[in-house]
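Undergrad: Fold the following, please.
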Amino acid sequence: MATYRSIVGHKINKVSSDPAEPLTGQMWYNSTTGTLRALGILEAFTSSSNVGTARYSAMWAGEGTQNATLFAAGRSGAPAVVALTEEYDGSGWSAGGNCNNAENASAGFGTQTATVKSGGYPGSGPTSSNESEEYDGSSWTSGNNINPQRQGHAGAGVLTAGVIFGGNDGTILNKTEEYDGTNFSNVNNMNTARENLSGVGTQTAALAAGGANPGPTVKNSTESYDGTNWTTLANMNTARRGLGGFGDTSTSVITGGAPYTSATETWDGTSWSTSPATLATARVFFGDCGAGSSTAGIVASGQIATGRTAVTEEYNKSLNVITAAAWSSGGSLNTARRALGGAGTQTAGLAFGGGPPNKAETEEYDGSSWTESGDLSTATDALSGCGTQTAALAAGGYTTAYVGTTESYDGSSWTTKNPMSTARAYFAVFGTNTAAIGATGYVPPSTTTTASESWDGTNWTSSTTVNTGRYGLASARSGSQTAGLIFGGDTRPRTGVLGSSEEWNGSSWSEGNNLITARMYLAGCGTQTAALAIGGEAPGLTASTEGYDGTTWSTRPSLGTARTNAAGAGTTTAGLVFGGQTPPVTGATEEFDPATETANIKNFSTS
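TA: From the prediction side, this is the model:
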């Protein structure tokens, strides 16, 4: 009998503790626990950032990857269909260019920057569509028609070599068409006519699974296409329609579908096996497929028993345990408050001022609990702040009147400094306690200002005005005097919450891309090229979080509790939000941590 040493070339090591970073295929004997150990393969779904617009029967760029794909169009309600495109970057969803044709039950194929959308149902009228469109990463261009018109079909391949199959044109179809980058042409039919099926693979190696025929009668049949003919393969274990999948003809994954299921199966080129990985949210009609490979895929949105879901889940088959990015509860402030100032980091945060009524209390956070420190010189509501836990700046706000008062914190007490030129409240500030920018905000009696001021540690000096006067906005607090970011808010008189953002380059303000969800009284943290927009009113309370990469806003995991008028601190990978209204005034704190991967070490039998 072959031994481990004869196979791999060395013996199993005896160690007293597990290796910090074990290698693939490595085995060891842990003498402390008396166990034979190694890395084990784990299959699991983990949650990711929600899509911006919940919908079902969208189309996917099926050849996209887990870190770069899109889905487009779909049904956001009955009978509403949308033309929206959303792109996924591995962390969250951002807005892409709208489709020319709002439809649901279209089929797609291609990548995030080269996608084809075909057919679908426009939401009204007796017939489905025969239109196609191509996406170049920013906009859609009308292409040549498919024949026949259809909906509920599936696709596979890339922009210059794709294939669509199945669907419904009033009759459930087995028809197949190939796309050469310009035209669709009819080729050999599938063996089993069906709609609402899943498709993965390429034009010359595609896999079709599941579906329905007739009507809601679900199928478990599987077929493969070799570029010429379809071949019937082994059936799935669970018949279903409206399912999703990713992979290719030799290794693939299918999941979800109707009747509502979270069950997942894997294909090895010969047969289907039930996977231990199950969706956290059972769903159906979340697109003609998902995207990615048989070891790293993604599904998102779809229809659930109570309506639509915005939930995104990533599938991974790996040697690591993946923990999703998330907000989690931290220690509560000793004094609940809203419209407060904030500074510092996730493990060294600072909270000061706020209301109601006006408060002077200052508290320091150590990563688990808040401790009271020296009070502000003047109790102040609706102020703003930046800096660190031992060197912070507080400015503006409301006492018995709107003020431009400035105070500096040294880690134990506050010192009054020279005031801002323009008294204001609910404004934005970013930088340090010796080099900051204060911008826009609410000024009496009932308007906003476009004034921007620069702080040098002693005095405020007028600088270039912002493009849009607003109040109730947020900033990337850790920005600098040469690289800042402000976003959200509203105007006076109120015209509706804003999604616009502006960037500061040290001399002028320029328009940046909009938030996905317009809002005011939100919290912010980070820098100009790595920021978080957190919670706020849109116009109702929201828990949504968005991340900015210097160009685009994309979704992030939502807060545990929706809130408005909170304060933020920290970074995009270690964020902190505290206080606000939920709607009662709260002292609750939440911490944001990114996704992590740790080795999946398992025990093995020695027999």
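Undergrad: Burial check on the residue nearest to Ser412 when sequence neighbours are not counted, number of neighbours?
TA: Excluding its sequence neighbours, the residue lying closest to Ser412 (Cβ to Cβ, 6 or more residues apart in numbering) is Gly374, at 5.4 Å. Every residue, glycine included, has its C-beta placed from N, CA and C. Gly374 has 16 neighbours, counted by other Cβ atoms under 10 Å.
Undergrad: In contact with Gly374, which residues are there?
TA: The contact partners of Gly374, taken as Cβ atoms under 8 Å, 6 or more residues apart in numbering, are 362, 409, 412-414.
Undergrad: try 6 Å this time
TA: The contact partners of Gly374, taken as Cβ atoms under 6 Å, 6 or more residues apart in numbering, are 362, 412-413.
Undergrad: Most neighbours among the residues you listed, which one?
TA: Thr362 leads the contacts of Gly374 on contacts (other Cβ under 10 Å) with 26 neighbours.
Undergrad: If I follow the layout properly, that residue ends up in contact with Glu372?
TA: No - contact between Thr362 and Glu372 fails when scored by Cβ atoms under 6 Å: they sit 7.2 Å apart.
Undergrad: In strands only, show me the contacts of Gly374.
TA: Thr362 (DSSP state E).
Undergrad: From the contacts of Gly374, pick the one nearest Leu70.
TA: Thr362 (46.0 Å; Cβ to Cβ).
Undergrad: Tell me the spacing between the closest one and Tyr409.
TA: 7 Å (Cβ to Cβ, to the nearest Å).
Undergrad: for the stretch 1-150 of the chain, which spans come out with low pLDDT?
TA: 1-10, 23-25, 39 (pLDDT under 70).
Undergrad: all helices for it, in order.
TA: Ranges of helices within the stretch 1-150 of the chain are 4-8, based on DSSP state H, counting those that start in this stretch.
Undergrad: Could you state which residue of this protein sits nearest its centroid?
TA: Gly92 (2.4 Å; Cα atoms, centre = their mean).
Undergrad: and Leu159, what does it touch?
TA: Counted by Cβ under 6 Å, 6+ apart, Leu159 has contacts 110, 114, 116.
Undergrad: so who does Asp381 touch?
TA: For Asp381, the contact set (Cβ under 6 Å, 6+ apart) comprises 339, 355, 358, 397-398.
Undergrad: what about the residue nearest to it when sequence neighbours are not counted, how many neighbours?
TA: Counting by Cβ to Cβ, 6+ apart, Asp381 lies nearest to Gly355, which is 3.6 Å off, once chain neighbours are set aside. When neighbours are defined as other Cβ under 10 Å, Gly355 has 19 of them.
Undergrad: roughly how far apart are Gly355 and Trp272?
TA: Taking Cβ to Cβ as the measure, Gly355 falls 61 Å from Trp272.
Undergrad: same question, Trp414
TA: Going from Trp414 to Trp272 by Cβ to Cβ gives 66 Å.
Undergrad: what stretches of the chain score poorly on pLDDT?
TA: Residues of the chain that meet the cut-off, pLDDT under 70, sit at 1-10, 23-25, 39, 606-607.
Undergrad: okay, stretch 305-317 in CSV with CA atoms only?
TA: Output of stretch 305-317 as CSV, limited to C-alpha atoms (Å, rounded to 0.1, in the frame of the first residue of the first chain):
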residue,chain,number,x,y,z
ALA,A,305,-42.0,34.2,-1.3
THR,A,306,-42.7,37.7,0.0
GLY,A,307,-41.7,39.7,-3.0
ARG,A,308,-38.2,40.6,-4.2
THR,A,309,-34.8,40.5,-2.5
ALA,A,310,-31.7,42.6,-2.9
VAL,A,311,-29.4,40.1,-1.2
THR,A,312,-26.2,39.0,-2.9
GLU,A,313,-24.4,35.8,-2.1
GLU,A,314,-21.0,34.5,-3.2
TYR,A,315,-20.2,30.8,-3.6
ASN,A,316,-16.7,29.6,-2.8
LYS,A,317,-15.2,26.2,-2.9
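Undergrad: In it, which residues are buried?
TA: 308-317 (16 or more other Cβ atoms under 10 Å).
Undergrad: and of those residues, the nearest to Tyr402?
TA: Ala310 (39.2 Å).
Undergrad: check contacts around that closest one.
TA: Here Ala310 is in contact with 50-51, 54, 301 (criterion: Cβ under 6 Å, 6+ apart).
Undergrad: mind giving me TSV with those and columns for distance to Ser478 and neighbour count?
TA: Formatted as TSV, the contacts of Ala310 follow (distance: Cβ to Cβ, whole Å; neighbours: other Cβ atoms under 10 Å):
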residue	distance to Ser478	neighbour count
Asn50	26	22
Val51	28	25
Ala54	32	19
Ser301	33	29
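Undergrad: and Gly540, how far is that from Glu511?
TA: In this structure, Gly540 and Glu511 are 27 Å apart, going by Cβ to Cβ.
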